[in-house]
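>>> structure of the sequence below:
(one chain, ligands or ions: 1)
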Amino acid sequence: MAVRTGSEYIERLRASAPTVIVEGETVTVGIPDHPAFRNVVATYAELFDMQHDAALRDVLTDPSPVTGEPVATSFMVPRTRDDLDKRGRAMKTWADHSFGMLGRTGDYLNSCLMALSEAEGWFAQADPAFGENIRRYYEMARDQDLLSTHTLVPPQANRSQSAGQQLGGALAARIVKETDNGVVVRGARLLATIGPTADELLVFPSTVLKGTLDDAPYSFAFAIPCDTPGLRFVCREPMDRGRSHFDHPLASRFEEMDAVVVFDDVHVPYERCFLLGHPELCNTFYTETTAVAHMTHQVARRTTAKTEFMLGLITCLTEAIGIGKFQHVQQDVAEAIVALEIMRALVRAAEVDAAPNRFGVMTPKWEPLNAARNWYPKLYQRFPEILRKLSASGLMALPTEADVVGPARADVEAFLQSATLNGPERTRLFRLVWDTCISSFAGRQALYEYYFFGDPVRMAGALADSYDKEPFAERIRQFLSSPGALPGR
Ligand SMILES: Cc1cc2nc3c(=O)[nH]c(=O)nc-3n(C[C@H](O)[C@H](O)[C@H](O)COP(=O)(O)OP(=O)(O)OC[C@H]3O[C@@H](n4cnc5c(N)ncnc54)[C@H](O)[C@@H]3O)c2cc1C
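Coordinates of the predicted model:
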């Protein structure tokens with residue numbers, strides 16, 4: 001099979017039967033038609049369709065190494081810097097389609113699966129079957145152009161206890177039984193973004209395991225279809241309330257659902273297991289395989305697209321109300337420009353300084369990407385802040401589409417015009433600003449970026465511990481021990 005079209009993605013989703021609980025309703029059929037999901041499903045379908053667009057397919061697809069049919073570029077194994085460059089351009093092309101607002105486009109986890117599959121020998125050290133399983137799974141996902149999400153984190157009941165200690169071990173997803181042909185998993189994980197609208201759920205390691213016997217049931221990596229019996233998605237309140245593109249320009253297109261994942265004695269066949277009971281391997285899963293570098297490459301390309309959107313929006317806003325020449329406003333614009341250029345530079349450095357990993361996969365340089373993923377969670381918070389500050393009461397003088405075409409039309413035209421836009425145009429622009437900086441969609445985006453790669457506090461700790469600081473410290477030591485560095489010498 002080759003890359004899917006949007007309607008093929010929707011048809012498969014319609015034929016599946018996941019258990020999804022949303023706003024008091026249990027939905028098992030018709031996910032693509034449900035009001036909580038239909039708009040984001042339509043946007044994801046557009047992404048699949050882009051792979052068939054004559055103007056885009058050369059960058060978004062690559063010939064399958066097996067059949068020669070086009071498969072998604074994000075599944076392509078990069079061997080050269082040109083391959084990596086193509087992967088990066090494909091990521092950016094998709095990210096631009098949602099201004100970087102969609103965090104779980106397929107390329108994120110396709111990149112992960114590509115790297116894991118190439119590291120099959122690393123999995124084989126636990127069991128040769130695991131190496132074969134990850135390779136076969138990747139090939140299936142590639143050839144069927146499947147959309148995956150992942151779930152990593154145990155429930156938040158008590159973070160001062162390990163997963164195994166919580167509720168006597170009855171809370172976090174764990175292996176409770178082995179059968180003739182697989183394992184049975186019980187408990188919960190949070191969260192899975194797009195769980196209800198994805199094809200596959202990757203249940204991968206995340207939190208650091210201590211490696212004691214107690215941790216063994218929590219040490220695993222496997223993948224299951226999202227409609228596997230016993231699997232439930234408990235959704236948060238939808239932020240797409242079915243309003244028009246005019247009223248909720250972002251939420252009505254890009255609202256990816258987040259859901260708690262409940263495993264109610266889910267049977268996972270052995271062929272879908274990639275690690276079982278190896279805490280020490282789970283702890284190095286992403287780094288040893290270099291999957292983290294390929295995933296972060298996609299994220300850095302996406303967040304660059306998002307930063308471009310922010311700069312464009314800030315510019316339109318300042319032009320609209322004639323504040324672009326005030327110095328403090330220019331300072332904010334300059335901050336966004338600097339942020340964009342630093343993001344671009346980090347991505348470029350990672351791509352230009354790429355080198356083959358030990359499995360022969362051309363891998364972007366980790367240090368610039370690690371800097372980007374440590375920086376962006378905090379950086380992103382500034383954009384909504386800047387937009388709120390520059391928009392001021394404009395974010396509240398904000399009628400809806402029904403008002404603009406209805407009883408308030410004359411008032412909108414008379415009083416809500418701006419320096420460069422008429423009343424309805426200005427309202428449309430400010431509704432986009434509102435959905436970027438103040439709506440529930442905007443709040444969720446800020447939280448998402450902050451926690452995208454896990455807790456930024458612990459991520460910073462890992463960076464500080466792992467970065468090679470020694471050459472710089474040594475220079476200081478030499479300087480301090482040079483003649484004259486101490487009093488009287
Ligand atoms: C919008 C959104 C979508 C998400 N989508 C997904 C998804 O698709 N798949 C997925 O797997 N996950 C997803 N997540 C979860 C994400 O990975 C976590 O939010 C992140 O790893 C942080 O974990 P936590 O939320 O449990 O926070 P916690 O770990 O509970 O942290 C809460 C607070 O306590 C502090 N804290 C807790 N423990 C420690 C400690 N040991 N040391 C220091 N400080 C500590 C933290 O700094 C933080 O301030 C999503 C999260 C959000 C917000």
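
>>> can you pull the buried residues of the one helix or strand in the chain whose mean pLDDT sits lowest?
Every helix and strand of the chain was ranked by mean pLDDT, DSSP states H and E. The lowest is helix 279-283, at a mean of 92. Neighbour counts over helix 279-283 (16 or more other Cβ atoms under 10 Å) mark P279, L281, C282, N283 as buried. Where you see a C-beta, it was placed from the backbone N, CA and C, and this is true even at glycine.

>>> and if you look at stretch 73-93?
73-78, 83-84, 86-88, 90-93.

>>> go through this protein and flag its longest helix.
helix 291-320 (DSSP state H).

>>> show me what the following helix or strand past the least confident helix or strand of the chain is packed up against.
Elements were assigned by DSSP states H and E; along the chain past helix 279-283, the next helix or strand is helix 285-289. For helix 285-289, the helices and strands in contact under the criterion 3 or more Cβ pairs under 8 Å, 6 or more residues apart in numbering; DSSP states H and E are helix 106-118, helix 291-320.

>>> about what we covered before: which residues touch the least confident helix or strand of the chain?
For helix 279-283, contacts defined as Cβ atoms under 8 Å, 6 or more residues apart in numbering pick out 122, 125-126, 205, 208-212, 215-216, 218-221, 275, 288.

>>> go with 7 Å
Contact with helix 279-283 is made by A126, P205, V208, L209, G211, D215, A216, S219, A221, L275, as judged by Cβ atoms under 7 Å, 6 or more residues apart in numbering.

>>> of these, which belong to strands?
A221, L275 (DSSP state E).

>>> if we take the contacts of helix 279-283, which one ends up nearest to L56?
A221 (32.9 Å; Cβ to Cβ).

>>> P205 is in contact with the closest one, correct?
Yes - assessed by Cβ atoms under 7 Å, A221 is found in contact with P205 at 5.9 Å.

>>> looking at the two, which is more packed in?
A221 (24 against 21; other Cβ atoms under 10 Å).

>>> contacting residues for that one?
F204, P205, F274, L275, C282, F285.

>>> swap in D264?
Taking Cβ under 7 Å, 6+ apart, one finds G230, R232 in contact with D264.

>>> so for the residue in the stretch 201-350 of the chain that the ligand sits nearest to, what's the pLDDT?
Closest approach of the stretch 201-350 of the chain to the ligand (Cβ to the nearest ligand atom) occurs at D258, with a separation of 4.6 Å. With respect to pLDDT, D258 scores 98.

>>> from memory it sits against R236, does it?
Yes - using Cβ under 7 Å, D258 is in contact with R236, at 5.4 Å.

>>> which of these two has more neighbours?
It is D258, of D258 and R236, that has more neighbours when counted by other Cβ under 10 Å, with 22 against 13.

>>> which strand residues bridge that one?
T193 (DSSP bridges).

>>> show me the contacts for it.
Going by Cβ under 7 Å, 6+ apart, D258 touches L191, T193, R236.

>>> relative to L109, which of the residues you listed is nearest.
T193 (10.9 Å).

>>> next, count neighbours for the closest one.
20.

>>> and G168, by the same measure?
G168 - counted by other Cβ under 10 Å - has 7 other residues nearby.

>>> circling back: so what sits against both of A221 and P205?
C282, F285.

>>> rewinding a little: check which helices and strands the longest helix of the chain sits against.
Secondary-structure packing of helix 291-320 (3 or more Cβ pairs under 7 Å, 6 or more residues apart in numbering; DSSP states H and E): helix 81-97, helix 106-118, helix 327-352, helix 366-391, helix 423-437.

>>> dump the residue contacts of the residue in the stretch 301-450 of the chain that the ligand sits nearest to.
Of all residues in the stretch 301-450 of the chain, Y448 sits closest to the ligand, at 3.8 Å by Cβ to the nearest ligand atom. Y448 sits next to G103 when contact means Cβ under 7 Å, 6+ apart.

>>> what's the helix or strand for it?
Assigned by DSSP H and E, Y448 falls in helix 440-451.

>>> C-terminal to that helix, what's the next element?
helix 456-466.

>>> roughly how far is that following helix from the heart of the chain?
20 Å (Cα atoms, centre = their mean, to the nearest Å).

>>> then stretch 433-441?
19 Å.

>>> stretch 96-106 too?
8 Å.

>>> which residues sit against it?
With Cβ under 7 Å, 6+ apart as the contact definition, stretch 96-106 has outside contacts at 43, 46-47, 50, 72, 74, 94, 147, 149, 193-194, 250, 254, 256, 302-303, 305-306, 309, 445, 448, 452.

>>> ok, 6 Å please
By Cβ atoms under 6 Å, 6 or more residues apart in numbering, the list of residues contacting stretch 96-106 from outside reads 94, 147, 149, 193-194, 250, 254, 256, 302-303, 305-306, 309, 448.

>>> now do stretch 245-253
Residues contacting stretch 245-253 (Cβ under 6 Å, 6+ apart): N39, T43, M101, M239, D240, R243, T400, E401, L432, D435, F441.

>>> just to be sure, the first one is in a helix?
Yes - inclusion of N39 in a helix is indicated when DSSP: H, G, I helix; E, B strand; the rest coil is applied.

>>> and the chain, which residues reach the ligand?
By the rule Cβ under 6 Å from any ligand atom, the part of the chain lying against the ligand is 149-153, 156, 159, 191-193, 258, 444, 447-448, 451, 454-455, 457-458.

>>> just the buried residues out of these, in ChimeraX syntax.
A single ChimeraX command selects the buried members of the residues of the chain next to the ligand (16+ other Cβ under 10 Å):
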select :149,150,151,153,191,192,193,258,444,448
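
>>> residues near L480, how many?
9.

>>> same question but for S418, I mixed them up
Neighbour number of S418 under other Cβ under 10 Å is 18.

>>> from the ligand, how far out is the nearest residue to M295 once chain neighbours are set aside?
Once flanking residues are discounted, M295 sits nearest to C112: 5.1 Å by Cβ to Cβ, 6 or more residues apart in numbering. In this view, C112 and the ligand are 12 Å apart by Cβ to the nearest ligand atom, to the nearest Å.

>>> just give me the residue closest to the centre of this protein.
G103 (3.4 Å; Cα atoms, centre = their mean).

>>> look at it and give its secondary structure.
Applying three-state DSSP: G103 is coil.

>>> that older thread, CA atoms of the least confident helix or strand of the chain as CSV?
What follows is helix 279-283 as a C-alpha-only set of coordinates in CSV (Å, rounded to 0.1, in the frame of the first residue of the first chain):
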residue,chain,number,x,y,z
PRO,A,279,13.7,-1.3,33.3
GLU,A,280,17.3,-0.5,32.5
LEU,A,281,16.6,-0.7,28.8
CYS,A,282,13.3,1.3,29.2
ASN,A,283,15.3,4.1,30.9
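
>>> give me every residue that touches L113.
Taking Cβ under 6 Å, 6+ apart, we find L113 in contact with Y138, A141.

>>> okay, it: pLDDT?
For L113, the model assigns a pLDDT of 98.

>>> now the one 10 residues further on
We have a pLDDT of 97 for F123.

>>> what residues are up against it?
F130, G131, I134, F274.

>>> and it, which of the three is it?
Going by three-state DSSP: F123 is helix.
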